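My questions are about this predicted structure, shown below with the sequence.
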Amino acid sequence: MSSELKVDTISEKTSANGVTIDGALIKDGDVAGLLKSAQTFRITANVTSTGYITANWEVPDTENQGNKGSLVSESSGVFTFSETGYYLVHWNVGYQQSSANNTYGYVEIFLTNDNSTYTSSALGYWGGTSDYDLGFGSVSTIIDVTNTTNDKVKLHYTAQTGSSRITGSTTQNKTAVTFMKLGET
């Protein structure tokens, strides 16, 4: 025997507790298949020196590029969140070897949950032996932001040997990070 319930609206009994359907908790604005926020930031200039990338970040503004929502902000290379939740952090990196010697570099996503001590959570390497080898790679991680004051993200580049760089642009996403809110924490 099957039953069917037809309603126009299901409301929470207690505000912000959510509604459970087949074991899945759905909270305010958190509907499966719909992203609440998806934002991209890109670097506008090549990076050649080792360290956190603290400058030349912009929100893409070419043609139809855009962001959905504004839950993530960037200041001096520190990415902060205005809402708690689970976020996918996906960093696409364009790189270039600028010498013919054995050259390699790597990128990392660093996280903090105390607004002070950062730990590497994702790492990607590249290398080459030819002058001006070009390439593209990505690293990603899912983070649980439980405190909007303390939980933050930084992106780090290391030019390990030889002359390498990651590439930037004001018109294309050559090196860009995307944050997508996947759901509530």
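That came through fine.

make it CA atoms for all contacts and neighbour counts henceforth
Will do.

Burial check on the closest residue in space to K181 that isn't next to it in sequence, number of neighbours?
The shortest distance from K181 to any residue that is not its chain neighbour, by C-alpha to C-alpha, 6 or more residues apart in numbering, is 4.4 Å, and that residue is Y87. If you count neighbours by other C-alpha atoms under 10 Å, Y87 ends up with 22.

who's in contact with Y87?
142-145, 179-183 (C-alpha atoms under 8 Å, 6 or more residues apart in numbering).

Same list (the residues you listed) but as CSV, adding pLDDT, neighbour count and distance to T40.
As requested, these are arranged in CSV below (pLDDT from 0 to 100; neighbours: other C-alpha atoms under 10 Å; distance: C-alpha to C-alpha, whole Å):
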residue, pLDDT, neighbour count, distance to T40
I142, 97, 16, 16
I143, 97, 19, 16
D144, 97, 17, 19
V145, 98, 23, 18
F179, 97, 22, 6
M180, 96, 21, 9
K181, 95, 26, 12
L182, 91, 22, 15
G183, 88, 21, 18
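
How about the secondary structure of the residue nearest to K181?
Three states are possible here, and by DSSP: H, G, I helix; E, B strand; the rest coil the one that applies to Y87 is strand.

Mind listing the residues bridging to it?
Y87 has the following beta-bridge partners by DSSP bridges: I143, K181.

mind giving me a markdown table with the contacts of Y87 and columns for distance to D8?
Putting those into a markdown table (distance: C-alpha to C-alpha, whole Å) gives the following:
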| residue | distance to D8 |
| --- | --- |
| I142 | 34 |
| I143 | 35 |
| D144 | 33 |
| V145 | 33 |
| F179 | 33 |
| M180 | 29 |
| K181 | 27 |
| L182 | 26 |
| G183 | 24 |
